[in-house]
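Student: my questions concern the predicted model and sequence given below.
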Amino acid sequence: MISFKKKSYFFLITFTVIIILIYFLTGVYCFLDYKKKERYLFKNINNLNFHIKYSNKLNHIRATNYSGDIKEFLYTKINAQGNDELLLFQGDSWFEQIMQPAYSASFYELKKFSLNNNVDLINAGISSFSPSLMHIQYQILKGDFNINPTILVIHIDQTDIGDEFCRYKSRRVFDDNNNLIAIKRYNYEKSVFDLTKIYEYSKINLTGNGFTKFTKLTNFQIKYFLKRNFNRYKEIKIHGWQNRNYTKCRFREIKNYLINNEMVPNNYFKESLRTFLDYLNTDKNLKKVLITSFPHRGHIENSYKNNVSDLINDVIIDYNEKFKHLNFSNNEISKLNLDKIFVINDEASHINPQPHKDIFLKKIIGELSKEINPL
């Protein structure tokens, strides 16, 4: 008969082996995930620290610094000749697209305009930026990078209603005077812009190798599992099981704010825009603010009841001629071939490179020409 002492040793050894095996398998799983994401990792510590610093303030910034300049995570100088006039573009992917190869015609059209008119030009468009994020970004560009525009172009996308109300509302950070100073980034939440793994994998990649790297990856995976599930528990406790995915704010949720015309999110969006415009109104260096908006395919096909252009009109009526709304919903887009205008099967209704240059950007440049070269 096996003694109690021997049984205890047996169970202790068995338990230890199981723990070691789980630890090893966890490490293997994390290592495979790390290898899958390796091409997205930051290659140097300066880029990593810069990205974390400004994501902590702006929720997220660009995933790419297009020319290799670290500042391009936040903005791109398309033309910098030291001219008196400085034109700044702020907005979401509609403006960030200008930096991508497929939209190079728009890039060169803007550059040609700025060169011909002796205007410096900066593009600070970042995917899914809405008024609250643009507000903070504008402060950062002025305070940290000495960027003081004389003309500002802001693109407000239809999805900004949902972005403001669903993605960013609960993440706002205010100072003691109730001024908005940050939108907290996603952390251990597995949301669209949650870069927790990319940041941690990058740190491990830059500071460890061999067995040390494997151990760090394993320890991080355990930490990630515990913190991620604790966050999920809190989300479910607050929102209930049926709404457990609400906080992820995937596009299906964002789209609902366009399908339905609801007073609470609409009013919240208008208040966020109004706060940003009030701040811009105090900037004495800023002579003109051009706000652009464009319908989504769902508006033209009448599947959307809510249009951000109408909400912008409700707000801008209270401001002087310094602010102007360039409303493409008033144009005759509906008479054009929608398959040529909009990227096919794109729920976010981005427009193709040719209409981006020939319709969207052409109209913006026309308005800017009136401001820079008045009759």
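Tutor: In hand now; what should we look at? Quantities reported herein were computed from a predicted structural model and do not represent experimental measurements. Numbers count the residues shown, from 1 in each chain.

Student: C-alpha only now, for contacts and for neighbours.
Tutor: Will do.

Student: how many neighbours does the residue nearest to residue 324 when sequence neighbours are not counted have?
Tutor: With sequence-adjacent residues excluded and distances taken as CA to CA, 6 or more residues apart in numbering, residue 324 is closest to residue 290, at 5.0 Å. Burial of residue 290 is recorded as 18 neighbouring residues (other CA atoms under 10 Å).

Student: likewise for residue 61?
Tutor: So residue 61, with other CA under 10 Å, has 26 neighbours.

Student: got it, and the one 5 residues further on?
Tutor: Using other CA under 10 Å, residue 66 has 15 neighbouring residues.

Student: from residue 161, how far off is it?
Tutor: 28 Å (CA to CA, to the nearest Å).

Student: over to residue 349?
Tutor: Distance from residue 349 to residue 161, counting by CA to CA: 15 Å.

Student: the more surrounded of the two?
Tutor: It is residue 161, of residue 349 and residue 161, that has more neighbours when counted by other CA under 10 Å, with 29 against 19.

Student: report pLDDT for the more buried one.
Tutor: The pLDDT attached to residue 161 in the predicted structure is 97.

Student: show me what contacts it?
Tutor: When contacts are counted by CA atoms under 8 Å, 6 or more residues apart in numbering, residue 161 is found next to 254, 257-258, 265-266, 269, 308.

Student: try 10 Å this time
Tutor: With contact taken as CA atoms under 10 Å, 6 or more residues apart in numbering, residue 161 is in contact with 130-131, 167, 254-258, 265-270, 272, 306-308, 311.

Student: same check on residue 374?
Tutor: Listed by CA under 10 Å, 6+ apart, the contact set of residue 374 reads residue 368.

Student: and residue 168, by the same measure?
Tutor: Residue 168 touches 58-59, 130, 132-133, 162, 182-185, 249, counting by CA under 10 Å, 6+ apart.

Student: that one and residue 353: what is the separation?
Tutor: 29 Å.

Student: what's the answer for residue 36, then?
Tutor: For residue 36, the distance to residue 353 under the criterion CA to CA works out to 31 Å.

Student: so which of those two has more stuff around it?
Tutor: Counted by other CA under 10 Å, residue 36 and residue 353 do not tie: residue 353 has more neighbours, with 22 against 10.

Student: just give the nearest non-adjacent residue to that one, would you?
Tutor: Using CA to CA, 6+ apart and skipping residues adjacent in sequence, the residue nearest residue 353 is residue 103, 5.2 Å away.

Student: pull the contacting residues for that neighbour.
Tutor: Residues in contact with residue 103, defined by CA under 10 Å, 6+ apart, are 95-97, 352-354, 356-357.

Student: measure the closest residue to residue 167 other than its chain neighbours to residue 168 for me?
Tutor: Nearest residue to residue 167 in three dimensions, chain neighbours excluded: residue 249, at 6.0 Å (CA to CA, 6+ apart). Here the distance between residue 249 and residue 168 works out to 10 Å (CA to CA).

Student: now do the shared contacts for these two.
Tutor: With CA under 10 Å, 6+ apart as the test, residue 249 and residue 168 both reach residue 162.

Student: in stretch 172-181, what's buried?
Tutor: When burial is assessed from 16 or more other CA atoms under 10 Å, stretch 172-181 yields the following buried residues: 172, 180-181.

Student: first-to-last residue distance for it?
Tutor: The first residue of stretch 172-181 is 8 Å away from its last residue (CA to CA).

Student: now do the strands in the chain.
Tutor: Under the criterion DSSP state E, the chain contains strands at 76-79, 85-90, 119-123, 151-155, 172-174, 180-183, 288-293, 323-327.

Student: now render those as a markdown table, adding mean pLDDT and distance to residue 209.
Tutor: Putting those into a markdown table (pLDDT from 0 to 100; distance: least, CA to CA, whole Å) gives the following:
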| stretch | mean pLDDT | distance to residue 209 |
| --- | --- | --- |
| strand 76-79 | 95 | 34 |
| strand 85-90 | 97 | 41 |
| strand 119-123 | 97 | 38 |
| strand 151-155 | 98 | 44 |
| strand 172-174 | 95 | 38 |
| strand 180-183 | 95 | 34 |
| strand 288-293 | 98 | 49 |
| strand 323-327 | 96 | 54 |
